[in-house]
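Visitor: Predicted model and sequence below, questions to follow.
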Amino acid sequence: MLSAGSVPRSDRPTAALIDLDALSHNFREVVRRSGGRKVLAVVKAQAYGHGAIRVSQHLLGLGADMLGVALVEEGRELRKAGIGAPVLVMGAVYPEQAEAIVRWDLTPLVYSRAGAVALADAAMKMGKDVTVHVKVDTGMGRIGLPPEDAGSFIEEIVKLEGLRLQGIMTHFADADLRDKQFAERQMQRFEGLMHVLDEKGIPLPVRHAANSAAVLDYERALFTIVRPGLMLYGYSPLEGERQDVDLRPVLSLVTRIAFLKRTPAGIPISYGRTFVTKRESLIATIPVGYADGYRRGLSNCGEAIVRGLRVPVAGRVCMDMTMLDVTDVPGVCEGDEVALIGAQGSERITADDIAAKTGTISYEVLCGISSRVLRVYI
């Protein structure tokens with residue numbers, strides 16, 4: 001069991017504990033599910049809240065071939081940390097970012113002539129080549145060229161000096177659903193384009209479409225490299241329960257009780273007096289709140305684990321503190337460990353559990369854990 005005891009004593013005991021063994025297990029599951037294909041590990045948004053630098057270093061050590069980020073700034077952060085592996089910038093890029101992309105040896109997506117020309121010009125000016133992937137929009141409705149326009153675009157940009165066309169990608173809108181009809185339509189459009197490019201003799205050695213959902217449940221989409229994100233961090237995006245998915249949550253959010261107060265019945269707790277004790281109660285205050293990413297939507301409905309028992313959130317979650325009703329926890333003391341995400345004894349709270357209570361998805365729960373929460377790698 002991961003423990004708040006891993007946090008330096010001089011620091012606030014609220015921490016995100018990152019289980020590197022679980023991360024290793026999930027990476028091996030990606031490799032197994034993808035039939036040994038190359039892996040582009042997605043580490044955008046601080047590796048979904050887990051810490052991009054340490055997670056990237058660990059995944060590269062396990063054999064990841066590329067890293068995926070959303071922003072040029074995220075790629076720059078990896079380079080400044082000494083990470084030299086190929087980094088694909090999967091989000092929107094602007095012509096004025098071209099020099100930074102070339103300087104930091106990042107691999108951007110191209111999907112407009114202006115963007116491609118700016119990159120080629122920057123590369124020529126700096127005496128380098130810039131490697132690019134073409135983004136094709138087959139049905140997601142975000143950045144990317146329609147397949148019917150992509151062929152002529154690619155024929156044009158392969159002539160640009162300084163530009164090295166390495167790959168092509170698309171992204172599924174709903175591969176997490178059991179019904180794959182729309183994903184099939186996207187695949188048909190993507191494969192049709194690649195057939196045209198093959199006939200024209202345009203080499204594209206790196207072809208990718210498979211996000212976590214496709215790695216887990218759409219073998220046809222695996223192509224030459226896969227792009228797992230969420231599954232690396234221990235969660236499945238698939239619709240419904242799937243017994244054949246063996247993933248281990250990597251992150252635990254823990255803290256310790258800062259203060260205990262015994263209150264009589266009829267005492268309001270926290271802002272708005274939305275919780276009033278119905279009996280003599282023992283209320284614990286913990287040093288974590290919505291500024292840490294512990295969502296305010298958990299007010300009066302969230303749970304934590306103390307001494308192996310589930311306890312309810314009492315009242316509204318504050319910016320920096322939250323109260324718990326620990327009346328029914330025998331022997332509870334100030335300093336006791338509290339699990340907000342993670343396991344204690346036989347009990348476990350997951351990011352999926354929090355997402356269900358707050359009307360969101362596990363991605364948002366994990367990415368929302370703020371930078372002031374210490375990351376501890378175990």
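Guide: Now that the structure is in, tell me what you want to look at.

Visitor: Can you get me a residue count around the nearest residue to residue 115 once chain neighbours are set aside?
Guide: Closest residue to residue 115 apart from its sequence neighbours, by C-beta to C-beta, 6 or more residues apart in numbering: residue 95 at 5.9 Å. The C-beta positions use only the backbone N, C-alpha and C, and glycine is treated the same way. Number of residues near residue 95 (other C-beta atoms under 10 Å) recorded here: 15.

Visitor: hang on, isn't residue 95 packed against residue 116?
Guide: No - contact criterion C-beta atoms under 8 Å: residue 95 and residue 116 do not qualify, at 9.4 Å.

Visitor: Quick check: buried residues in stretch 82-93?
Guide: Residues of stretch 82-93 classed as buried under the neighbour-count rule (16 or more other C-beta atoms under 10 Å) are 83, 86-93.

Visitor: now do stretch 23-36
Guide: Residues of stretch 23-36 classed as buried by neighbour count (16+ other C-beta under 10 Å): 23-24, 26-27, 29-31, 33-34.

Visitor: Next one, pLDDT for residue 15 please.
Guide: What the model reports as pLDDT for residue 15 is 98.

Visitor: meant to ask about residue 203, not that
Guide: Residue 203 is given a pLDDT of 89.

Visitor: how close does it get to residue 126?
Guide: Counting by C-beta to C-beta, to the nearest Å, the gap from residue 203 to residue 126 is 25 Å.

Visitor: go on, residue 267?
Guide: On the measure of C-beta to C-beta, residue 267 and residue 126 end up 67 Å apart.

Visitor: Among the buried residues of stretch 23-36, which lie within helices?
Guide: Counted as lying in helices by DSSP state H, out of those, are 23-24, 26-27, 29-31, 33.

Visitor: roughly how far out does the lengthiest helix in the chain sit from the chain middle?
Guide: Criterion DSSP H: the longest helix present in the chain is helix 181-199. From the chain centre to the centre of helix 181-199 is a distance of 27 Å (C-alpha atoms, centre = their mean, to the nearest Å).

Visitor: and that helix, what's its mean pLDDT?
Guide: pLDDT averaged over helix 181-199 gives 97.

Visitor: which one of the buried residues of stretch 23-36 is nearest residue 52?
Guide: Nearest to residue 52 out of the buried residues of stretch 23-36 is residue 23 (C-beta to C-beta; 12.8 Å).

Visitor: Surely the closest one touches residue 250?
Guide: Yes - using C-beta under 8 Å, residue 23 is in contact with residue 250, at 5.0 Å.

Visitor: element containing the spatially most central residue of the chain, please.
Guide: Residue closest to the average C-alpha location in the chain (C-alpha atoms, centre = their mean): residue 48, at 2.7 Å. Using DSSP states H and E, residue 48 falls within helix 44-49.

Visitor: okay, that helix in CSV with CA atoms only?
Guide: The C-alpha atoms that make up helix 44-49 are tabulated as CSV, following Å, rounded to 0.1, in the frame of the first residue of the first chain:
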residue,chain,number,x,y,z
LYS,A,44,0.5,15.7,-22.3
ALA,A,45,-1.1,17.6,-19.4
GLN,A,46,1.8,16.6,-17.1
ALA,A,47,1.3,13.0,-18.0
TYR,A,48,-2.4,13.2,-17.0
GLY,A,49,-1.4,14.8,-13.7
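
Visitor: chain center to the helix or strand following it: distance?
Guide: Sequence order places helix 52-62 as the next helix or strand after helix 44-49, per DSSP H and E. Taking the mean of its C-alpha atoms, helix 52-62 sits 14 Å from the chain's own mean (C-alpha atoms, centre = their mean).

Visitor: Lovely, talk soon.
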